[in-house]
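Enquirer: Mind folding the following:
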Amino acid sequence: MGKYQSSKVFDGFSCVFRQWKATTTHCQFLHGYVISFKIYFEGKLDDRNWVWDFGGMKRANTLIDGKQPKAWMDYMFDHTVIIAKDDPLLSEFKMLNNLPNLGSNNKGGLQLRIIPATGAEKFAEYIYSNINEFVKAETDNRVRVTKVKFMEHGKNAAYYIE
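Expert: All right, here's what the predicted structure looks like:
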């Protein structure tokens, strides 16, 4: 018996990060990319003959960190600075995050996001972990995420596979 799979690309995000452990390359410094990611879904068909309702990301009942899935993606990856939780400069990035932003009522010279680790492979894993839990909950385990492809500027890609 065959399997049903589908996939969806999420794009248009711009973020900055550094891989502080990459001391022999320029990746140790802050650098930014336009990023996108492709999520692969697998499961049984619903009553509409769909594995996953792509528009369901906007209408979901299940939240990721208190946010609708698309809002969570924007929060994490759109005009953000993403730093690993063990980065030795984390306190300096936190300070920049809390500086007054002149010309607006908002605080912060940047939008800091702290995750376990940075780099394309770790971003793919991070997205997988969050989206898979969301999809399984939203579909009562009818659907799961099997793979995430994370892309930097359309040329570099890394995968996290279940």
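Enquirer: mind listing the strands in this structure by residue range?
Expert: 5-17, 31-43, 80-84, 112-115, 143-152, 156-161 (DSSP state E).
Enquirer: Could you pull out the buried residues of the second one?
Expert: Right, strand 31-43. Neighbour counts using 16 or more other Cβ atoms under 10 Å place 32-33, 35-43 of strand 31-43 among the buried residues. The way it works is simple: take the backbone N, C-alpha and C, and place the C-beta from them, glycine included.
Enquirer: now swap in the fifth one and tell me
Expert: Residues of strand 143-152 classed as buried by neighbour count (16+ other Cβ under 10 Å): 143-152.
Enquirer: Is it possible to get TSV of those that adds distance to S129 and pLDDT?
Expert: Listed next are those as TSV, based on distance: Cβ to Cβ, whole Å; pLDDT from 0 to 100:
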residue	distance to S129	pLDDT
V143	16	97
R144	12	97
V145	9	98
T146	13	98
K147	13	98
V148	9	98
K149	15	98
F150	13	98
M151	18	97
E152	19	94
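Enquirer: what's in contact with the lowest-mean-pLDDT helix or strand in the chain?
Expert: The helix or strand of the chain with the poorest confidence is helix 56-59; it has a mean of 82 (mean pLDDT, DSSP states H and E). By Cβ atoms under 8 Å, 6 or more residues apart in numbering, the surrounding residues in contact with helix 56-59 are 8, 53, 68-70, 138.
Enquirer: which intervals of the chain have sub-threshold pLDDT?
Expert: Filtered on pLDDT under 70, the chain yields the residue ranges 1, 100-107.
Enquirer: how near is the spatially most central residue of it to S36?
Expert: Taking Cα atoms, centre = their mean, the centroid of the chain lies closest to I127, which sits 4.4 Å from it. Separation of I127 from S36 (Cβ to Cβ, to the nearest Å) stands at 11 Å.
Enquirer: How about A120?
Expert: From A120 over to S36 (counting by Cβ to Cβ), the distance is 11 Å.
Enquirer: Please apply the same query to M76.
Expert: Look at M76 and S36: by Cβ to Cβ, they are 13 Å apart.
Enquirer: related to what we said a few turns ago, need the max-distance pair from the contacts of helix 56-59.
Expert: Distance extremes for the contacts of helix 56-59: the farthest pair is K8 and Q68 at 15.1 Å, using Cβ to Cβ.
Enquirer: Looking at those two now, which is surrounded by more residues?
Expert: Per other Cβ atoms under 10 Å, whichever of K8 and Q68 has more neighbours is Q68, with 18 against 12.
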